[in-house]
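Have a look at this prediction, sequence included:
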Amino acid sequence: MNLLVLGPQGAGKGTQAKRIAVDYAIPHISTGDMFRAAIAAQTELGKQVEPLLAAGTLVPDEITVALIRERLGHEDARRGFLLDGFPRNAAQAEFFLENFDIDAVIAIELPEEAAIARMQSRRLCSSCGLDYNLIQLRPKVPDVCDNCGGRLVTRADDTPEAIRARLRDYREKTQPILDLLREKELIVTVDGTPGPDVVQAEMRLKLGLVPGAVESLAAREPVEVA
Ligand code: ADP
Ligand code: ZN
């Protein structure tokens with residue numbers, strides 16, 4: 001089962017994707033998480049992309065495509081994967097469609113004002129990477145990760161300038177590829193405005209994902225769910 005999740009920053013892609021991936025035993029592959037891990041480890045890749053992420057600028061396609069090609073070649077991705085943060089522009093979408101099959105594309109919708117408010121209240125675990133939101137997804141203990149006890153921090157790219165740059169890229173580069181994907185694939189659109197549990201339930205309902213029926217997706221005809 002190969003799934004893609006698309007949506008503006010702050011729509012909750014990572015939060016939703018992690019839950020689905022755990023339940024369906026497929027890897028959650030997030031290009032943003034991979035770049036942040038590389039930065040944390042100060043690898044060559046990390047040093048190269050650090051200023052780009054801090055500014056909210058897209059990493060060049062050659063680098064991103066190579067990273068995805070390598071990651072999707074791993075054994076654990078053979079049964080399927082849930083891709084988050086890729087493809088993000090027309091060139092990446094073309095590469096993806098030429099090389100991989102997609103069972104469904106989940107598009108999470110969120111108005112821009114809500115996206116800005118969410119990013120400003122977002123916190124991230126500095127050790128396991130889990131996302132929190134001080135409005136809708138608060139940690140049990142302030143500034144401490146529920147999952148691993150790590151310290152919660154603000155993302156380096158959740159500054160007003162970087163937020164503006166990322167939302168502009170989403171609008172101008174990522175949103176148009178939804179039309180390209182819509183022509184070929186199953187697109188499931190969900191409203192990202194409510195809290196994470198509601199969004200997750202709507203997503204599963206529309207995907208026809210009931211535990212134990214993982215194969216149901218592949219058998220479905222492409223339909224558009226509004
Ligand atoms: P967000 O969706 O909140 O911007 P991500 O974690 O998905 O956050 O991505 C963080 C940053 O990583 C992006 O701003 C960009 O610099 C880089 N990045 C992630 N995915 C891609 C991609 N597919 N192509 C180019 N750059 C990417
Ligand atoms: Zn943690």
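Good, I have the coordinates. Ligands and ions are numbered 1, 2, ... in the order given.

residues in contact with Val153?
Counting by C-beta atoms under 8 Å, 6 or more residues apart in numbering, Val153 makes contact with Arg123, Leu124, Cys125, Ser126. C-beta: built from backbone N, CA, C; applies to glycine.

Could you tell me which of the residues you listed belong to strands?
Among the contacts of Val153, DSSP state E puts Arg123, Leu124, Cys125 in strands.

Three-state assignment for Leu209, please.
coil (DSSP: H, G, I helix; E, B strand; the rest coil).

quick one: it and Tyr24 touch, right?
Yes: with contacts counted by C-beta atoms under 8 Å, Leu209 reaches Tyr24, the gap being 7.3 Å.

burial of the residue nearest to Ser121 when sequence neighbours are not counted, as a residue count?
Of all residues not flanking Ser121 in the chain, Leu134 sits nearest, at 4.2 Å (C-beta to C-beta, 6 or more residues apart in numbering). Residues lying near Leu134 (other C-beta atoms under 10 Å) number 14.

Repeat that for Gly46.
Residues lying near Gly46 (other C-beta under 10 Å) number 17.

Next, work out how far apart it and Ile20 are.
28 Å (C-beta to C-beta, to the nearest Å).

how much space is there between Val141 and ligand 1?
25 Å (C-beta to the nearest ligand atom, to the nearest Å).

need the contact list for the residue nearest the centre of the chain.
The residue lying closest to the centre of the chain (C-alpha atoms, centre = their mean) is Asp84, at 2.9 Å. With contact set as C-beta under 8 Å, 6+ apart, Asp84 has these partners: Val5, Lys13, Gly14, Ala17, His28, Ile29, Ser30, Thr31, Gly32, Asp33.

which parts of the chain sit against ligand 1?
9, 31-32, 35, 52-53, 56-59, 64, 85-86, 88, 92, 157, 166 (C-beta under 6 Å from any ligand atom).

Would you list the buried entries among those residues?
9, 31-32, 35, 53, 56, 58-59, 64, 85-86, 88, 92, 157, 166 (16 or more other C-beta atoms under 10 Å).

Kindly report the residues of this structure close to ligand 2.
Applying C-beta under 5 Å from the ion, we find that the chain lies next to ligand 2 at Cys125, Cys128, Leu130, Cys145, Asn147, Cys148, Gly150.

Specify the local secondary structure of the fifth one.
Assigned by three-state DSSP, the conformation of Asn147 is coil.

Which pLDDT value belongs to the closest residue to it other than its chain neighbours?
Nearest residue to Asn147 in three dimensions, chain neighbours excluded: Leu130, at 5.0 Å (C-beta to C-beta, 6+ apart). Turning to Leu130, the model gives it a pLDDT of 85.

can you count the residues close to Leu130?
Using other C-beta under 10 Å, Leu130 has 19 other residues around it.

list the contacts for it?
Contacts of Leu130 were listed using C-beta under 8 Å, 6+ apart, and they are Lys18, Leu124, Cys145, Asp146, Asn147, Cys148.

Please repeat the previous calculation with a cut-off of 10 Å.
Residues in contact with Leu130 (C-beta atoms under 10 Å, 6 or more residues apart in numbering) are 14-15, 18, 123-124, 137, 139, 145-148, 150, 152.
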